[in-house]
Structure formats: structure tokens, C-alpha cells
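[1] pasting the structure only:
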């Protein structure tokens, strides 16, 4: 794999709390955010003019699917194709539990397949519930953070009003980690756009100091 400036995994919750309609709003919201001109420009703005992006769907401890594997985004056309692939991804019929720790393990293995010449690595975890299956996410988060991987959260609050606090304790970590929130899936696209813009701005800052 060729060098790139950023590796981004978008990890979407597909547990039972997320209906098919809500999943469509989530996937469509991700795609809309990825089409935002500022986001596209940011993905192409580093010295290598490229990023790697992937989509991971997750639910219970053994239920996950790399729906869109690593895609090199090095032009507006490849960015548009990745957005289409995200928008068109099917929702898998997972059992309904929420294993954030297991999702982080899968993301860790995905990052291990990248070349060492990707300086900024980010996992975006988006969901509407705290972990209730599989390993605790906190120790896995800590290991990833120690390896300079950033884990950010996008919390949908329609079921658990204190989800940001839970994500802050157990999920987010690494350089510049943060959690954003939206009240429901109708607001997901705008929240994801803001999230990607913030992540890309932080990546630019890190690359500028390197």
C-alpha cells in the first residue's frame, strides 16, 4: 500500500437499537459528510495528497463486517466513490448487542494492515448505546491510545442521555480525542460533517508539526 497522510475508520453501530431506517440515516449522513467540499479538500490536503478510509459495521462480540475495506482517497473522484460505497452499504442483521470493545479490536487489526508511513490514524465510533457485550472497551482504548491512535465518538442521544459521559470514560482516547453528540439520527449528517472537519483540521496541525 502506498503512503498516505491519514487513515480513517468509520465504525457504525448496527445493534438492535438502530432500526433499518435509522441505519439508512446514519449511512446517508456519513456519505453526505464525506461529500462536503471542506472534508474532501482535507482528505487530500497533506503532503502525500491522500488518505485511506474504511467502513466497519459492528454489533455483538462476534458480529462485525468490514463493509468497505481500505480505500485510497487521492482525488475528488475516489472520494466520491468512497462516499457512494458508504451510502449503498447494506445493513447486516446482527443480533442486537453492543460490543464496542470488540469493534475496537477489529479496527486495531485493520490498522495493522496499513504501512507505517501513515502518520495519523483515527477510529470514528458512532452509536446510540454503551457497551453491553464483549471485552471492556477501556483497556483496548488505552492500548490504541498508547500507539498514538485517536478514537473519537459520535453519540446519538435518543436512548441514553448520558452517552457522551460513557464514551468519555470508556471509548475515546489518543491524541486530540473528542466526542460529539446529536439528539437523534435526523441530525447525524450535520454532526458527522462537523466531526470530520474537526478531525481533518487536527490532522493538518499534527502533520504541520511533524
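    That came in fine, so what should we check first? Remember, predicted model here, so these are calculated numbers, not experimental data. Residues are numbered from 1 along each chain as shown.

[2] Give me the distance between the residue nearest to residue 131 when sequence neighbours are not counted and residue 60.
    With sequence-adjacent residues excluded and distances taken as CB to CB, 6 or more residues apart in numbering, residue 131 is closest to residue 100, at 4.3 Å. For every residue, glycine as well, the C-beta is placed using N, CA and C. According to CB to CB, to the nearest Å, residue 100 stands 11 Å off from residue 60.

[3] Now for this structure, the helix or strand with the poorest mean pLDDT.
    Lowest by mean pLDDT, DSSP states H and E among the helices and strands of the chain is helix 188-209, with a mean of 78.

[4] How about residues contacting the longest strand seen in the chain?
    For the chain, the strand that runs over the most residues, judged by DSSP state E, is strand 64-73. By CB atoms under 8 Å, 6 or more residues apart in numbering, the residues outside strand 64-73 that reach it are 1-2, 4, 7, 43-44, 50-58, 78-79, 81-82, 85-86, 89-90, 92, 102-103, 106, 110, 113-114.

[5] let's see 7 Å
    When contacts are taken as CB atoms under 7 Å, 6 or more residues apart in numbering, the neighbours of strand 64-73 outside the stretch itself are 2, 4, 43, 50-58, 78-79, 82, 85-86, 89, 92, 102-103, 106, 110.

[6] Buried residues in the helix or strand following it, which are they?
    The C-terminal neighbour of strand 64-73 among helices and strands, as given by DSSP states H and E, is helix 76-87. Under the neighbour-count criterion of 16 or more other CB atoms under 10 Å, helix 76-87 has 78, 79, 82, 83, 85, 86, 87 buried.

[7] Looking at those, which is nearest residue 154?
    For the buried residues of helix 76-87, the minimum distance to residue 154 (CB to CB) is 14.2 Å, reached by residue 86.

[8] What score does that closest one have for pLDDT?
    Looking at residue 86, its pLDDT reads 97.

[9] I'd guessed it sits against residue 33; true?
    No. Because the distance of 9.4 Å does not satisfy CB atoms under 7 Å, residue 86 is recorded as not touching residue 33.

[10] Of residue 100 and residue 60, which one has the most company?
    The residue with more neighbours, out of residue 100 and residue 60 and counting by other CB atoms under 10 Å, is residue 100; that gives 31 against 20.
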